[in-house]
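> Build me a model from this:
(one chain, ligands or ions: 1)
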Amino acid sequence: MLSKIFLSSDHAGFELKEKVKNFLINNSIHFEDLGCTSLEAVDYPDYAKILSKRLKKQNKAKGILFCGTGIGISMAANRFSHIRAALCTSVEMASKCRKHNDANVLALGGRILEDKLALEIVKEFLYTDFEAGRHSLRVDKI
Ligand code: RB5
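Take a look at the predicted model:
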């Protein structure tokens, strides 16, 4: 069963967040949108922080963050020690960030990715499990 999903974006990631929300709704996947709520300019570190704090309380949950490139918001989220945020631009990266890195947050660039690819990345991230074993020790060292 899928764990709870939290979504959060700045203004540059807002439109892609809305498209991912539609995908989650259409697939009956439980999520919570933590903002932002419009195209009005906001600061991506604030939204990385909001989501990271929620994941601290619900450590089985996953997050998806969006900004223009996915870079800034992933950098900001990775300042929190319980966050392993992976900026992905391909399905292969989404697969590997789950299998090898046990990423608990996916970061996407709303100004970088085509919608279709973004949704394929989201699906791969949500439905791929961590391959424990040799990868566990490395993740523990992060
Ligand atoms: C906002 O203009 C943009 O800088 C931000 O969304 C993100 O791309 C930063 O990494």
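
> helices or strands up against the lowest-mean-pLDDT helix or strand in the chain?
Least confident helix or strand, the chain: helix 134-141 with a mean of 92, by mean pLDDT, DSSP states H and E. Helices and strands touching helix 134-141, as assessed by 3 or more Cβ pairs under 8 Å, 6 or more residues apart in numbering; DSSP states H and E, are absent. C-betas here are computed from N, CA, C, even on glycine.

> contact partners of that helix?
R84, K99, H100, N101, D102, F130 (Cβ atoms under 8 Å, 6 or more residues apart in numbering).

> Let's see if you can find the most crowded of these.
Highest neighbour count within those, by other Cβ atoms under 10 Å: D102, with 19 neighbours.

> now the residue lying closest to it once chain neighbours are set aside: how far from the ligand?
Closest residue in space to D102, ignoring its immediate chain neighbours: F130 at 4.1 Å, by Cβ to Cβ, 6 or more residues apart in numbering. In this view, F130 and the ligand are 27 Å apart by Cβ to the nearest ligand atom, to the nearest Å.

> F130: what's it in contact with?
So F130 contacts R98, K99, D102, V139 (Cβ under 8 Å, 6+ apart).

> nearest to the ligand, of those residues?
Nearest to the ligand among these, counting by Cβ to the nearest ligand atom, is R98 at 22.7 Å.

> That closest one contacts F125, correct?
Yes - using Cβ atoms under 8 Å, R98 is in contact with F125, at 6.2 Å.

> what's the spacing between the closest residue to I5 other than its chain neighbours and H135?
Nearest residue to I5 in three dimensions, chain neighbours excluded: F31, at 4.2 Å (Cβ to Cβ, 6+ apart). To H135, F31 is 27 Å away according to Cβ to Cβ, to the nearest Å.

> what's the answer for A107, then?
20 Å.

> And those two? Which one has more around it.
Between A107 and H135, counted using other Cβ under 10 Å, A107 has the larger neighbour count: 28 against 14.

> what residues are up against the more buried one?
Per Cβ under 8 Å, 6+ apart, neighbours of A107: 64-67, 70-71, 73-74, 77, 85-88.

> got the residue ranges for the helices in the protein?
Along the chain, the segments classed as helices by DSSP state H run 14-26, 44-57, 71-77, 91-99, 115-127, 134-141.
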